[in-house]
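1. Provided below for reference: sequence and predicted model.
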Amino acid sequence: MAEERTGGWFGFGFCGFGQALGSGRRRQVHSPEPLGAPGAGVDICRVSASWSYTAFLSRGGRAELSGSASGAVGGCRDAWASEALLVVLRAGPEPGAELQVWSPGSALCGKPLWAQTVVPEAAGELGPGGEAQAGVLPLLPGACAYVSPRPPFCRPLAPELRARRLELGTEHALLLDAAGQVFSWGSGRHGQLGHGTLEAVLEPRLLEVLQGLPMAEVAAGGWHSVCVSETGDIYTWGWNESGQLALPSRSLAEEGRTVTKEATGLTVDGSEVKGAAEGEDGAPAPFIAVQPFPALLDLPLDSDAVKASCGSRHTAVVTRTGELYTWGWGKYGQLGHKDTTSLDRPRRVEYFVDNQLQVKAVTCGAWNTYVYAVEKGKS
């Protein structure tokens, strides 16, 4: 029997509200640090991070909050944090479970804002060997509804969608169905829906450009979107203000004073061009402000991706070999590269390589990043 490898959570980025992130001694952490989790001896299996607070879920079912919101409650199967509300799935009278919606400032005391008994079939479990994996929330057990941070809290989904994963951005939603197809809806003003326009879509709409390419993961950022195919390819679309799509960003080029000429227009695929810089051949290279169609992204070393997560304006991807790549907005150290530089290209987080750690999961808050990693197996 294989020896169980030691694992743990790490954090970096913004912690100005006192979120447990690394050592917790500063307002921001620029490089991964072992998580200073609340509660002695808590064995964390999931993390859900909002802007000002973070929810930690232990393998024993204890959900604990850290940051601008505090409090703890037991008997939990899943937890999902947002600025407007905290959602917990708690064990109830068999065979059901109770979904509870709380105000983050309630300290999980008194009565929830809203509660409903649900079937437990999709309540989410730990991965092989007890390793952490993403929870089901905000998709509700049974996959026929999801939780919204704005009323109505519970919103139905058509059963024929056969949803297996749902991610919420600031103004849009992504859904992954059982066949690996991606649907999106909500505001499209930053191209985050991926349908080739900036128009809003009221109901889930299939991303036709990805049809026939089964996806394994979806991730929604503030105003950008990412998905990972079953074969390990990465597709990004939406807003690229801070390089979060890993496409050339005008704002980053201006910070580096590399802009050589101004241009405005649309590329062949409809992406909005906001400026130009010199490419490797000396010719003007377009800057992408808005990418309304999914764009294929190649990681360095032709690495295959297996997991992805998005912050407000940054992106993190885990590769099949357990390496972590990050890019986008880095003002608070949320990229983990020991500085506050923003990047419009993927860069490997060397901390995990240097410490012989294999990354298994990543969860981005708006301005920070949490990573679960295990010691690399000895050959």
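-> Noted; the coordinates are in hand. Numbers count the residues shown, from 1 in each chain.

2. from here on, contacts and neighbour counts on C-alpha atoms
-> Fine.

3. Setting the sequence-adjacent residues aside, check what's closest to residue 358.
-> residue 322 (4.5 Å; Cα to Cα, 6 or more residues apart in numbering).

4. same thing with residue 82?
-> Closest residue to residue 82 in three dimensions, ignoring its sequence neighbours and counting by Cα to Cα, 6+ apart: residue 50, at 5.0 Å.

5. With residue 344 as the reference, measure out to residue 28.
-> Between residue 28 and residue 344 the distance, using Cα to Cα, to the nearest Å, works out to 21 Å.

6. Could you report the neighbour count for residue 302?
-> Residue neighbour count, defined by other Cα atoms under 10 Å, stands at 9 for residue 302.

7. cool, and residue 353?
-> Using other Cα under 10 Å: residue 353 sits among 15 other residues.

8. Next, it: secondary structure please.
-> Here residue 353 is recorded as helix under DSSP: H, G, I helix; E, B strand; the rest coil.

9. picking that back up, sec struct for the residue nearest to residue 358, please.
-> coil.

10. now the residue most central in space within the chain, which residues is it bridged with?
-> For the chain, the residue nearest the mean C-alpha position is residue 309 (2.7 Å; Cα atoms, centre = their mean). With beta bridges defined as DSSP bridges, residue 309 has these partners: residue 316.

11. what stretches of the chain score poorly on pLDDT?
-> 1-5, 22-26, 37-42, 93-95, 120-135, 257-285, 378-379 (pLDDT under 70).

12. repeat that with 50
-> By pLDDT under 50, the weakly predicted segments of the chain are 1-2, 39-41, 122-134, 257-273, 275-277, 279, 378-379.

13. can you pull the buried residues of the lengthiest strand in the chain?
-> For the chain, the strand with the greatest residue count under DSSP state E is strand 284-297. Of the residues in strand 284-297, those buried under the neighbour-count criterion (16 or more other Cα atoms under 10 Å) are 284-295.

14. Turn those into JSON lines, including distance to residue 353.
-> Below are these laid out as JSON lines (distance: Cα to Cα, whole Å):
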{"residue": "284", "distance to residue 353": "36"}
{"residue": "285", "distance to residue 353": "33"}
{"residue": "286", "distance to residue 353": "33"}
{"residue": "287", "distance to residue 353": "32"}
{"residue": "288", "distance to residue 353": "31"}
{"residue": "289", "distance to residue 353": "32"}
{"residue": "290", "distance to residue 353": "33"}
{"residue": "291", "distance to residue 353": "32"}
{"residue": "292", "distance to residue 353": "34"}
{"residue": "293", "distance to residue 353": "33"}
{"residue": "294", "distance to residue 353": "30"}
{"residue": "295", "distance to residue 353": "28"}
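
15. Is residue 320 in contact with residue 305, as I believe?
-> Yes. Residue 320 sits in contact with residue 305 when judged by Cα atoms under 8 Å, with a separation of 5.7 Å.

16. Great, nothing more from me.
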